[in-house]
Each structure stands twice: as structure tokens, then as C-alpha cells.
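Colleague: sequence and computational prediction follow.
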Amino acid sequence: MSLVVPVILGSVRSDRQGIRAARFLISQLTARGHDAPLVDPAELNLPLLDKMYKEHPKGQAPKVLEDLATLLRRADAFVVVSGEYNHSIPPALSNTLDHFLEEYFWRPSGIVCYSAGQFGGVRAAMQLRAMLAELGTPSIPSLLPIPRIHKALSEDGQPSEEWLGKAAGKFLDELTWYAEALKAKRADGTPY
């Protein structure tokens, strides 16, 4: 089954490393026959959150929010790529995610975290897990942490370490299972 799985990137830094992970995941998802558009806050240039998408009068939200809301509603699952900033998630990621709510409902998410060090951003992932659940897109049990991202992935997202392809395969198998299950249940209706 082909799925729509947006890859939501968290960083807007000029020398950001997360783009490597996003490119890698997009490649892995595309190879499985899924549509995996990149949601890049550096390209979107969203304003700091003043009004959520739903707080704009119908048809009057800025075009960037309308377009993103349309994509999120089409999604079957999300992959969220997060670095670790002071043991937490990047502010650009929080800002991007917080503009929406109902658009995430009843769809699973998968967390890909990374760092320059050995822990792979897992401390940020724990905070992100709570946030995603509150948004209505609970994360799958597995994480895909990428330690030493600058060595693990090339700029274009090619893995230099064999374990990464295997780990990504297992991670995406799990996300696909949840996405297909929830897609079938959404077709039957949702609790509200």
C-alpha cells in the first residue's frame, strides 16, 4: 500500500546536519513506493506562532499554512527529524508543529533524532514523544537515533555505516504497520 509520509525537518541553521537524515529517510520511503514530501521550516519561513491554522477564518489563513494543512490532512503518517538543542527539540520544529492540531489526528509518527555526539539526540526525542502524542500523532515505540550524524550520513543522505540501513528498515517497517492499521481505521470513521 502506498502511503503519504511527510518528513518534517526541525532545523533552520545554516550548517544544519538534520537535512542529511531527512534526505536519507525520504530516499528510504520513496524506495518503498511512498510519497515522502519534505516539510522544511527553512523553506516555509513560517511566522512565529501567533495564531494556529484553525484560528484563522476559513479561507483566510496565509497560503503557506493552507498548503501545509492540505499536505498534513493527506498524510498517513509523519517522520519527524529532530536534533537536540540543550537536551530539547529545536525551536523551529516546535513552531512548525504547533501551527496545527486536528490535521495530525489518528496518524502515527516516527521520530528520527540525531546529534554530533554518541547519544543520537535521544534526550530531545523523549520530549518530542510527549509533544507528538499531545498533538494527536503518537509516535511508534521505536526511535531511529543517529549518533555522529556528520560521519553516519553524507550531505546527500547516503549512509556510510551499514547498521543505519538495517535500523531504518526496521523502523520504517514498524511505522508502515501502524500507518496502514490507522489508515484502515480512519476509513471506518474516528471517535470524534
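Modeller: Everything's here; your move.
Colleague: for this structure, which helix is longest?
Modeller: helix 162-187 (DSSP state H).
Colleague: tell me which residues form a beta bridge with the residue nearest the centre of the chain?
Modeller: When Cα atoms, centre = their mean is applied to the chain, the residue found nearest the centroid is residue 80 (1.9 Å). Listed by DSSP bridges, the beta-bridge partners for residue 80 are residue 8, residue 111.
Colleague: wait, isn't it in contact with residue 132?
Modeller: Yes - with contacts counted by Cβ atoms under 8 Å, residue 80 reaches residue 132, the gap being 6.8 Å. Bear in mind the C-beta positions are built from the backbone N, C-alpha and C, glycine included.
Colleague: between the two, which contacts overlap?
Modeller: 97, 109, 111, 139 (Cβ atoms under 8 Å, 6 or more residues apart in numbering).
Colleague: about what we covered before: pull out the buried positions in the longest helix of the chain.
Modeller: Going by neighbour count (16 or more other Cβ atoms under 10 Å), the buried part of helix 162-187 is 164, 167-168, 171-172, 174-176, 178-179, 182-183.
Colleague: one more: stretch 87-94?
Modeller: Quick answer for stretch 87-94 (16+ other Cβ under 10 Å): 88-90, 92-94.
Colleague: and for residue 50, the neighbour number?
Modeller: Other residues near residue 50 come to 7 when the count uses other Cβ atoms under 10 Å.
Colleague: quick one: it is in a helix?
Modeller: No - assessed with DSSP: H, G, I helix; E, B strand; the rest coil, residue 50 is coil; it does not lie in a helix.
Colleague: do you know the pLDDT at it?
Modeller: What the model reports as pLDDT for residue 50 is 95.
Colleague: could you measure from it over to residue 39?
Modeller: Note on residue 50: its distance to residue 39, by Cβ to Cβ, to the nearest Å, is 20 Å.
Colleague: residue 112 contacts residue 79, correct?
Modeller: Yes - between residue 112 and residue 79 there is a contact at 6.0 Å, judged by Cβ under 8 Å.
Colleague: can you check which residues contact both of the two?
Modeller: Shared contacts of residue 112 and residue 79, defined by Cβ under 8 Å, 6+ apart, are found at residue 25.
Colleague: how far out from the middle of the chain is stretch 96-105?
Modeller: 12 Å (Cα atoms, centre = their mean, to the nearest Å).
Colleague: so what's the backbone phi/psi at the residue of the chain positioned farthest from its centre?
Modeller: When each C-alpha in the chain is compared with the mean C-alpha position (Cα atoms, centre = their mean), residue 57 comes out farthest, at 27.0 Å. The phi and psi values for residue 57, taken as degrees, to the nearest 10, are phi -60, psi 140.
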